[in-house]
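S.K.: from the sequence below, what's the structure:
(chains A and B)
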Amino acid sequence: MTATAPERTTPPMDADSLISMRNIKKVFATDEVETHALVEVHLDVKQGEFVAISGPSGCGKTTLLSILGLLDATTEGEYRLAGEPVSGLSAAERARVRNRQIGFIFQSFNLIGDLTVYENVELPLTYRAGDAALDAGERKRRVMDALERVGMSHRTNHYPAQLSGGQQQRVAVARAVAGEPAILLADEPTGNLDSQNGEAVMALLKELHEGGATICMVTHDSRYAEHADRSIHLFDGRVVEDTGHAESRRAGVAPATPA
Amino acid sequence: MFSHPTAVADSRAQAGGPAPLISLRNVEKAHRTAGGASYALRRISLDIARGEFATIMGPSGAGKSTLLAILGMLDMDFTGEYELRGKPVHTLGAAQRRDLAREHIGFVFQQYHLLDELTVAENLAVPLDYRGVPRSERSARVADILDRFSIVGKKDLYPRQLSGGQQQLVGIARAVIGKPSLILADEPTGNLHSAQARDIMELFARLNTEGTTIVQVTHSEENARYGGRTINLRDGWME
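M.R.: Okay, the predicted model is just below:
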């Protein structure tokens, strides 16, 4: 099949996209083996999209999310986030951009057990430096706003152990949105929840999306992928399927990344 | 029998020894339900001396984690008396409890509770932010603890770039950085392979020899052997 396939051409960077990735490769090397976690990924995500990234375990979806979230660097390729080229940044520069632009939601909530709900939400804001630094009043406003958005403002002085799993994940979502990031990245956000709490967290993400948030979510559960308005399937480090944005689909516009 | 307010002081006077680090009298924790109350803890009276390494064991649902959360002042919804270093915790307001806990207690959690978007060094600095340690002193404290735990080379890595054992090492370093006199550990090796678990338990043993009081919750008989004393719970009662 590869012999007869036409030569792959790289689509041009999309200036309108919040996220634009071209030819992203990621290789993990140990003494003996090289693992090609991402082979050739092109991806555009526009402001306001809700994208589900799925695929079997080992397909590269968590690696992709780490690169999207600037937790990890690419081996090769170009990545622009909100117009800024970020693929060549040092770890410290990536941390600066990440803290301003990206909110994370993890499977295991990652709340710190001996900090209160309020403190957990405030924590990433305290790591802002330079022009992104916030004064105490603005921090407080953002923390309380975020807790209200997820319906947890009545639990500010509770500790995580006093909350149910679903409530803990709501607090984690508040922590992610408190920084008013350009994009929310969610890694299996329902993975540790029963189906009722899982649905509640998905409904919350959907609500944030309807309020204008851009969300990329890794999930292996197709039920949850259906909440998103665009679905990307990874296999062996490549995008093998991309439904495109729901509105583009209705308008008959082909996605940037052909299947 | 221990219900009157001076019960803790009386029992100490009778024993004649130094004040224990932790003293619980008649501690009970109930969940109110439509059908009445169900008890997570019943009449727990317990002293833990400075320098002890105590293990709380028991089947799932016995109340182990509830007891640890009460000891750590993460859960204040209980009846009875709790003194930490002679201070009556059960009479303190939320802010005072928080200050007391932050001054004296370090926590280690089964799930590590590291923030994935912060580096190892930044994760270690988190407790200092909440303990009023001056900014100028924080980096020195972080450098010290990185050195003491032999993880200097990992300071700029993110948690997901570490093995589970290394993450828990960072979790313990974070608990220790606030210089607590008491470490509370909830199933600290529950997510680790046996070799990693042994390393972590040996680290606890070393911290204990250096003077830190440790209370751990575990299912593992092997882990319990690192401690000097086992407290068995069943259905909320001490056996």
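
S.K.: so what's the backbone phi/psi at residue B:44?
M.R.: Note on residue B:44: its backbone torsions stand at phi -90, psi 120 [degrees, to the nearest 10].

S.K.: I'd like to know how far it sits from chain A.
M.R.: The gap separating residue B:44 from chain A is 17 Å, by Cβ to the nearest Cβ, to the nearest Å. Every residue, glycine included, has its C-beta placed from N, CA and C.

S.K.: ok, that residue - contacts?
M.R.: For residue B:44, the contacting residues are B:24, B:26-28, B:67, B:80, B:238, by Cβ atoms under 8 Å, 6 or more residues apart in numbering or on different chains.

S.K.: so which residues of the stretch 151-259 of chain A form helices?
M.R.: A:165-178, A:195-210, A:222-225, A:246-251 (DSSP state H, counting those that start in this stretch).

S.K.: which helices and strands does the first one pack with?
M.R.: So the one you mean is helix A:165-178. strand A:102-106, helix A:117-126, helix A:136-149, strand A:183-187, helix A:195-210 (3 or more Cβ pairs under 8 Å, 6 or more residues apart in numbering or on different chains; DSSP states H and E).

S.K.: need the residues that contact the one helix or strand residue B:106 maps to.
M.R.: Per DSSP states H and E, residue B:106 falls inside strand B:105-109. Strand B:105-109 has contacts (Cβ under 8 Å, 6+ apart) with A:113-114, B:72-73, B:113, B:127, B:168, B:171-172, B:174-178, B:180, B:182-186, B:188.

S.K.: of the residues you listed, grab the buried ones for PyMOL.
M.R.: In PyMOL, a selection of the buried entries from these looks like this (16 or more other Cβ atoms under 10 Å in any protein chain shown):
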select buried, (chain A and resi 113+114) or (chain B and resi 72+73+113+127+168+171+172+174+175+176+177+178+180+182+183+184+185+186+188)
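
S.K.: quick one on the thing from earlier: out of the helices of the stretch 151-259 of chain A, nearest to residue A:41?
M.R.: Residue A:41 sits nearest to helix A:222-225 of all these, at 18.2 Å, using Cβ to Cβ.

S.K.: in the closest one, what's buried?
M.R.: For helix A:222-225, the neighbour count (16+ other Cβ under 10 Å) marks A:224-225 as buried.

S.K.: what mean pLDDT would you report for that helix?
M.R.: Rounded to a whole number, the mean pLDDT of helix A:222-225 is 83.

S.K.: list the contacts of it.
M.R.: A:52, A:54, A:190, A:198, A:202, A:217, A:219, A:231.

S.K.: what do you get for stretch B:22-41?
M.R.: Stretch B:22-41 has contacts (Cβ under 8 Å, 6+ apart) with B:2-3, B:7-8, B:11-12, B:42-48, B:63, B:66-67, B:70-71, B:75, B:77-84, B:182, B:213, B:215, B:236.

S.K.: picking that back up, TSV for the contacts of residue B:44, including neighbour count?
M.R.: Putting the contacts of residue B:44 into TSV (neighbours: other Cβ atoms under 10 Å in any protein chain shown) gives the following:
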residue	neighbour count
B:24	27
B:26	16
B:27	22
B:28	15
B:67	28
B:80	19
B:238	19
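
S.K.: from those residues, which single one is nearest residue A:73?
M.R.: Ranked by distance to residue A:73 (Cβ to Cβ), the contacts of residue B:44 are led by residue B:67 at 44.6 Å.

S.K.: the longest helix along chain B packs against which elements?
M.R.: Under DSSP state H, the helix in chain B containing the largest number of residues is helix B:194-209. Counting contacts by 3+ Cβ pairs under 8 Å, 6+ apart, helix B:194-209 is packed against strand B:53-57, helix B:164-177, strand B:182-186, strand B:213-217, helix B:221-224.

S.K.: what about 7 Å?
M.R.: Counting contacts by 3 or more Cβ pairs under 7 Å, 6 or more residues apart in numbering or on different chains; DSSP states H and E, helix B:194-209 packs against helix B:164-177, strand B:213-217.

S.K.: and the last one with strand B:105-109, angle?
M.R.: Put plainly, it is strand B:213-217. 30 degrees (axes from the mean of the first three to the mean of the last three Cα atoms, to 10 degrees).

S.K.: tell me which strands strand B:213-217 pairs with, and in which orientation.
M.R.: Strand B:213-217 has the following sheet partners, assigned by DSSP bridges: strand B:53-57 (parallel), strand B:182-186 (parallel).

S.K.: low-confidence stretches in the chain?
M.R.: Reading this off chain A. Applying pLDDT under 70 to chain A flags residues A:1-8, A:129-131, A:246-259.

S.K.: ah, I was thinking of chain B
M.R.: In chain B (pLDDT under 70), the answer is B:1-17.

S.K.: okay, strands next: where are they in it?
M.R.: Taking DSSP state E as the criterion, chain B contains strands spanning B:22-33, B:36-48, B:53-57, B:79-84, B:87-88, B:105-109, B:182-186, B:213-217, B:229-234, B:237-238.

S.K.: buried ones in stretch A:199-215?
M.R.: Using 16+ other Cβ under 10 Å as the test for burial, stretch A:199-215 gives A:199-202, A:204-206, A:208-209, A:213-215.

S.K.: contacting residues around the spatially closest residue to residue A:145 that is not a sequence neighbour?
M.R.: Once flanking residues are discounted, residue A:145 sits nearest to residue A:178: 7.5 Å by Cβ to Cβ, 6 or more residues apart in numbering or on different chains. By Cβ atoms under 7 Å, 6 or more residues apart in numbering or on different chains, residue A:178 lies in contact with A:121, A:125, A:142-143, A:146.

S.K.: now swap in residue B:80 and tell me
M.R.: B:24-28, B:90.

S.K.: show me which residues of chain B sit near chain A.
M.R.: Residues of chain B lying close to chain A (Cβ under 7 Å from any Cβ of the partner chain) are B:69, B:72, B:74-75, B:94, B:107, B:109, B:111, B:113, B:115-118, B:122, B:126, B:129-130, B:156, B:158.

S.K.: rewinding a little: of the helices and strands packed on helix A:165-178, which is nearest residue A:14?
M.R.: Of the helices and strands packed on helix A:165-178, nearest to residue A:14 by Cβ to Cβ is strand A:183-187, at 15.2 Å.

S.K.: tell me what the spatially most central residue of chain B is bridged to.
M.R.: In chain B, the residue lying closest to the centroid (Cα atoms, centre = their mean) is residue B:184, at 1.2 Å. Note on residue B:184: beta-bridge partners by DSSP bridges are residue B:107, residue B:215.
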